[in-house]
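# Fold the following and give me the result.
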Amino acid sequence: MIAVGKLGEVFQFLDSIGFGETVLVEYTSPNYTLDFMVLLLKRYADDRGHPFVVDDHLDTLHVINEHLRFFGVRGVFDDAVVLKTGGIINVGKVVDRVKMESEASIYLRQYEEASARVFSNLSDSINVVIGLEKLFAFVKDYRNFYEIISSIDRFLGNRKRKAFYLLDRNICERIPLNPLPELEKIASTFLDVKLDGNRLIGRICKSPDIRMMGWEIEVSVEDIL
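Sure, this is the predicted structure:
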């Protein structure tokens, strides 16, 4: 098992993820794992000159933004391109909104149209999807569940973006229909991330590069901040 320890080395690993990939990042709460992961991806996007796009479900980005303020990080998402589903608090440049709908087909049609508009003028973007487990918490039947899963499946191979889906395992395992097994199948890369003291540690569970299977990626929170 190989440990990657420097921020620059973590960025090199992120470079190795191809545009068009879907990356599933699983973490457990309660802690600041999500906040530091999103900040890490923003730092990477800024360093590499990539647009940073956030799919923000139910004001999750607001919570992350406020948490990071307690660590002295302010304004980091001001230039982020944001597509909001539900919620009322704006963070970053909100370019489109999608209403929550009881019927998945209605919601997904609106979401896919909004997403197409957002990415029409972008390329080589870092796309972070947060709060998706909150959306799945509203899903009570398999038809709506698999309509959402199929929609995520269709975004695989979109070379305008590297997509990172960050989901809280604690929540997913407690809702009626846990999306993680299906998302683990769809994802081209799958990371299991945890916060251990002041270290963010990610284990590579799935990768198109077989040599990376089982690697651990480690970076200090101080380096991210």
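# Run through the helices of the protein in chain order.
For the chain, the helices defined by DSSP state H cover 7-16, 33-48, 60-69, 104-119, 132-137, 142-155, 169-172, 180-186, 221-224.
# For the third one, name the packing helices and strands.
Put plainly, it is helix 60-69. helix 33-48, strand 125-130 (3 or more CB pairs under 8 Å, 6 or more residues apart in numbering; DSSP states H and E). The way it works is simple: take the backbone N, C-alpha and C, and place the C-beta from them, glycine included.
# closest to Asn170 out of the ones you listed?
Asn170 lies closest, by CB to CB, to one member of the helices and strands packed on helix 60-69: helix 33-48, at 10.9 Å.
# from the middle of its chain, how far away would the closest one be?
10 Å (CA atoms, centre = their mean, to the nearest Å).
# And for it, what's in contact with it?
Under the criterion CB atoms under 8 Å, 6 or more residues apart in numbering, residues 7, 10-11, 14-15, 25, 27, 50-52, 54, 61, 64, 67-68, 73, 76-77, 80, 125-126, 128, 130, 164, 166, 168, 193-195, 200, 219, 221, 224-225 lie in contact with helix 33-48.
# try 7 Å this time
11, 14, 25, 27, 52, 64, 67-68, 73, 76-77, 126, 128, 130, 164, 166, 193-195, 200, 221, 224 (CB atoms under 7 Å, 6 or more residues apart in numbering).
# Ala114 and Lys99: what is the separation?
Applying CB to CB, to the nearest Å, the value for Ala114 to Lys99 is 10 Å.
# Looking at the two, which has the bigger crowd around it?
Neighbours per residue (other CB atoms under 10 Å) separate Ala114 from Lys99, with Ala114 holding more: 18 against 11.
# which residues touch the more buried one?
Ala114 sits next to Leu83, Asp96, Val98 when contact means CB under 7 Å, 6+ apart.
# Kindly recompute the last result at 10 Å.
Applying CB atoms under 10 Å, 6 or more residues apart in numbering to Ala114 gives the contacts Asp55, Leu83, Lys84, Thr85, Val95, Asp96, Arg97, Val98.
# which among these end up buried?
Among the contacts of Ala114, those classed as buried by neighbour count (16 or more other CB atoms under 10 Å) are Asp55, Leu83, Lys84, Thr85, Asp96, Arg97, Val98.
# And the residues you listed, which is closest to Leu180?
Of all the buried ones among the contacts of Ala114, Leu180 sits closest to Asp55, with 17.6 Å by CB to CB.
# To what extent is the nearest residue to that closest one once chain neighbours are set aside buried, counted in neighbours?
Distances taken as CB to CB, 6 or more residues apart in numbering place Val129 nearest to Asp55, at 4.2 Å, with adjacent residues excluded. Using other CB under 10 Å, Val129 has 25 other residues around it.
# Wait, Val129 touches Ile152, no?
Yes. Assessed by CB atoms under 10 Å, Val129 is found in contact with Ile152 at 8.7 Å.
# and for the two, which residues touch both?
The contact sets of Val129 and Ile152 overlap at Thr22, Leu24, Ala163, Tyr165 (CB under 10 Å, 6+ apart).
# if I look at Pro51, how far off is Arg143?
Look at Pro51 and Arg143: by CB to CB, they are 34 Å apart.
# Check Gly157 too.
Distance of Gly157 to Arg143, computed by CB to CB: 25 Å.
# One more: Asp47?
Separation of Asp47 from Arg143 (CB to CB): 42 Å.
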